[in-house]
Structures are given as C-alpha cells and as structure tokens.
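Engineer: predicted model follows, preceded by the sequence.
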Amino acid sequence: MKQLSDDRMKIFFEKLSKYIGTNIKLLIDRSDGKYCFREKKDRVYYVSEKVLNMGSMMNPDNIISIGTCFGKFTKSGKFRLHITALDYLSPYAQHKMWVKPAAEQQFVYGHNILKSGLGRITESTLQYQGVIIFSMSDVPLGFGVAAKGTTECKHTDPLSVVCFNQADIGEFIRCEDDLI
Amino acid sequence: MEDISDVLNKKEASDRASQLSVTVSKILEPEIDLGTLLCFDSNDFDTKQLRSDQEAYLTDETRNNVQLIINQLFELPMKNEDGYMYVDLPEPRYNLPREKPLPAPKALTKWQKFAIEKGIKKTPKPKSTWDDILQKWIPTYGYKKAAAEKDKDWILEVPGNAADPNVDLFAQKREAKKERVAKNEYQRLRNIAATRKIKVPSVGLPPLEGTLHSNQLKTAVDVAKISTASVGKFQPKLSKEVVSVKKNIPGLKKEKLPAKSMKEEKTTSLQIIDSINNKKPKFNLEKAANKAIHAEEVQRFREKKEGGDKKKGGGRSRSKGSFKRPTANTGKRLGKQKGGRKRR
C-alpha cells in the first residue's frame, strides 16, 4: 500500500475529471469518514481509513486487494479506469447517455453504442468527453467516450457510432480474473 | 600395596596389547581396497561391549581392521631396493568423493536465456558449404572463408533503389562488419559483467546520429547537471525546472518520499484537483460552434412554438402567397430550356 506520488495523482485525477469533473472533491472530502486513494502494484484503490487501518495489520505481500479498485496505471504511465469504479462514478457523472432497452445487451457485451441505440444524452456533451452510460431505467451500465457531441448526434445517421465503449458491467464476467 | 598391584595390572595389559594376535577373525570378511588403503567393516557392533566401554571397544575394532589391511599388504609381492622393503599398491577400486563442492554451472548469456525462454534451438551449421560461383567448398568461418569472400566480392552491385550511386559500397560493408564485431564485443562484456555482478554505467548518450528520444535527452541533461565537482549543488536552475534531479538518473537511488499523514494527503490531493480544474480553458472552436448551433435551434423551436400559438384556432394552415395547386399533367411542357434551371 503506497500513497500516490504527486505525478501519478495528477494523472489519475485528470482521468477521473473527464468523467466526474470537479466532483472528485466529493470523493476525498467526505462527511461520513476519511477516504483516500492507495496504490498497490500499479493499481489504485479507494479505501476508507477504517479499512486501511485493518489492512495495515496484514503482511502487504498477502494483500491482493483492499477497498475498491478504481483502475490501474499502464506500463506507459497512463491511467485506465476499471468497471469497478462505476459505483463511484455514476452518482457524480456530469455527462450521461441513456441506452434504449434494445441496445442494452449490445453495450453490455462490449460493443460501442450506435445512434439507433441512444435514448437520451446530456446537453452540451462534447466530442471525446467521458460519459457514463445508463439504461433507460437509470441503472448504470458502464462508461465510455462520446464519439460525437450532442448536436452532432442529432444529425447523424442511425448506424454511426455515438459512444465508444470503455468499460461495461459485462466485464465482471468477461474479465473476471483481470479485475481481481 | 595398591600401587604395586596397579602397576602390575598396567604392565599385564600392555603386554597383552603387544602380544595381540596377527590373525583376526571376523564373521563377515571386511572389504579391503588396497589401492586407497581402505577397509569397510560391515559386521554388526557388539552392543553390550559398545555400551560398557565404548572407547576401548572401538579402538580394538579399529586395530583389528588395520591389522587386516596390513596382513593383506604383506601378501603383496615385496621389493627390495637399497635395503628398503616396499610394495606396489594395486589400482584403487573405490572412487573417493571429491573434497570440494561441484563447480557452479556456467552462467547463461542473455541470448541463451532468451532462447530457452522462447524455445529456440540451435541449428547446427555445416562446417563447409559448396559455393557455386567459386566452384569449391568454403568453410563456414576461418581464414579460408575470408579469402573466399575476397575472391567473390571483387565487384559489388549498386542496388536499384540506392539514393546515392556513388557511395563506396566496399567501405560501407567494412563499416558494417566493424559495427557487428563491436556490438558482439560489447554484448560479450555485458554478459561477463552480468555474471560477475559488476555494475555497468548505463548513463550517457548513445552514439546515435539523428534525433534522440526526449527521455534520453532529459536523462542526459540530468546527468550533466550533477557531473560537477559539487555534484550539481551550485548549478543554476531554470524557472520551471523539476527540483528533484535525482529521479531520472539511472544507477542512483530514488529518493523515497516520507509518508504523508491523512490530513496532508487530503490537502495535497485537493490542491492537485484545484490545479486541474483551474486550468485555463482553451478556446474550443467546436464547443463554440455547437453552442451557437444549439442556441439557434432553441430559438427556432421557440419561434415555431410562438407561431403555432398565434394560429391555434386555424389548425394546419399555409401562408396564402406561397400556395399553388398541383397541375396534374395539365401544364405545358417547356422542353429543354436554354441554360437550364438552377439545380440545388
């Protein structure tokens, strides 16, 4: 368990801010207890102080995971968010996309979202903005990157890609062993 | 009185020891290797005697066995030279275990390790190959190969896609060979260094022509900076330079930052978030255009709505001026007009 170095923290927060913008503050500045980000084996975990203290009792070699894994630093030093972070991203999402029930399965199987499957979209979403994907009944399904801005979305043909899939809840089954 | 009896007892014992018989009887014949003067006695110990007087029993047994060896020695043909009697020992049958531990296996080179990992097997090359041009067998390596190369390559073809046909191809070839040899030598030394665990400086710029990677340049700058008598303590700093020079230099230990308390960590992370959020937004043309388009759309929608509100009673209506009844094939065909209509 390491504290994140300043450089890494910056990279990490920059990535997070693409999805939840200034709401990262709410993750750190919580009223219900102290929470922090810890790094282990290039993976970043979101841990409460209570759990952290319990974890410090154990031999660090024996700890596989602690708290919630947000993602990992790649070998080239970039940060990649994992689907496990969805629970914390979805309530603070600034840009959302809602998927029609017919296209839900397509997305959950790891495919991009086409215009035909797009139910709703947050106004003023820009191209390449990080978005959280919801089903029409407001269940978070994953996150991705907007392939087209809101205004562009309205005018494109139904078969063009609207959102690139980055992570979806299907990964809990598909990538079981990678996620830990 | 006791003293005398003691002395007498001792004398008696020593006499008996000196008179011990030359013949030794054992239940199992001990194995004797005269070449190494070894004797293996595989008889069981007499446990009773061993327990009662261990030291005496063991010395007695040893004496008997040595006696057996000596008996066998005397059976060998004696030789007499200058008044000395001696025998020639036969070839030893028993292999003595080595005194020193086995030598460690030779360390693998970097390539050998890689080959094992990838399962690459060495394909044996033939010692010599037939050369069609020279019409003779040419060895794979050695002075004869070099001579053959010289014979063969007295002329070199300029490749069709050569940028500059006037380049000396012979010189180029020589240079390439030199490079290869130098590279091999470098790798050989590196392997030696790796096996002997010598630290090889990995610092400095590689002799490369053309552009270097930015990381290489950064490292070079960092190394140059501390390569002074004062280890870079008094070097002037640039305005936006990273303070910790140490971290990029290979071979130097990285500075381990002290762990922050929960509170400190929180403040620093909040600072970082602020710095990310406070970045001056760049002028985003797309965003501006989208905004304008969106505003226009909203305005149009509103106008439409207002317009619809005015004529709520009339239902669907068209403006009178623009209405035109369809002609339903009664119109005159104009044929091809000169110039044509404006196409959109």
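Structural biologist: Here it is on my side, so go on.
Engineer: excluding sequence neighbours, find me the nearest residue to whatever residue of chain B ends up closest to chain A.
Structural biologist: Nearest to chain A, among the residues of chain B, is B:Asn290, at 4.6 Å (CB to the nearest CB). (Each C-beta comes from the backbone N, C-alpha and C, glycine too.) Of all residues not flanking B:Asn290 in the chain, A:Thr151 sits nearest, at 4.6 Å (CB to CB, 6 or more residues apart in numbering or on different chains).
Engineer: ok so that neighbour is a strand residue?
Structural biologist: No - applying DSSP: H, G, I helix; E, B strand; the rest coil, one finds A:Thr151 to be helix, outside a strand.
Engineer: pull up the gap between it and A:Thr122, please.
Structural biologist: 12 Å (CB to CB, to the nearest Å).
Engineer: repeat that for B:Lys10.
Structural biologist: B:Lys10 is 114 Å from A:Thr122, by CB to CB.
Engineer: between the two, which is the more surrounded one?
Structural biologist: For B:Lys10 and A:Thr122, the more surrounded residue by other CB atoms under 10 Å in any protein chain shown is A:Thr122, and the numbers stand at 16 against 10.
Engineer: scan chain A for its longest helix.
Structural biologist: helix A:6-20 (DSSP state H).
Engineer: does any bit of it sit next to chain B?
Structural biologist: Yes - Helix A:6-20 is in contact with chain B by CB under 8 Å from any CB of the partner chain, via A:6, A:9-10, A:13-14, A:17.
Engineer: next one: stretch A:61-75
Structural biologist: No - with CB under 8 Å from any CB as the criterion, chain B is not reached by stretch A:61-75; the gap is at least 13.3 Å.
Engineer: quick revisit: who touches the residue nearest to B:Asn290 in this structure?
Structural biologist: A:Thr151 makes contact with B:290, B:293-294, B:297 under the criterion CB atoms under 8 Å, 6 or more residues apart in numbering or on different chains.
Engineer: let's go with 6 Å and repeat that
Structural biologist: B:290, B:293-294 (CB atoms under 6 Å, 6 or more residues apart in numbering or on different chains).
Engineer: least confident of those residues?
Structural biologist: Lowest in pLDDT among the contacts of A:Thr151 is B:Asn290, which has 80.
Engineer: that one: what secondary structure?
Structural biologist: helix.
Engineer: residues contacting stretch B:141-148, please?
Structural biologist: Residues contacting stretch B:141-148 (CB under 6 Å, 6+ apart): B:138-139.
Engineer: if you set the cut-off to 7 Å instead, what comes out?
Structural biologist: B:131, B:134, B:138-139 (CB atoms under 7 Å, 6 or more residues apart in numbering or on different chains).
Engineer: burial of B:Leu28, as a residue count?
Structural biologist: Counted with other CB under 10 Å, B:Leu28 comes out at 9.
Engineer: oh, that last question was meant for A:Cys69, not what I typed.
Structural biologist: A:Cys69 is flanked by 19 other residues according to other CB under 10 Å.
Engineer: ok, it touching A:Asp178?
Structural biologist: No - contact criterion CB atoms under 7 Å: A:Cys69 and A:Asp178 do not qualify, at 10.6 Å.
Engineer: outline the domain layout of the chain.
Structural biologist: Picking chain A for this. Per the record, chain A has its domains at A:2-81, A:89-174, by automatic domain parsing.
Engineer: you answered for a different chain; I wanted chain B.
Structural biologist: Split by automatic domain parsing, chain B gives B:2-86, B:125-149.
Engineer: average pLDDT across the first one?
Structural biologist: By that I understand domain B:2-86. 87.
Engineer: cool, stretch B:301-310 as well?
Structural biologist: 78.
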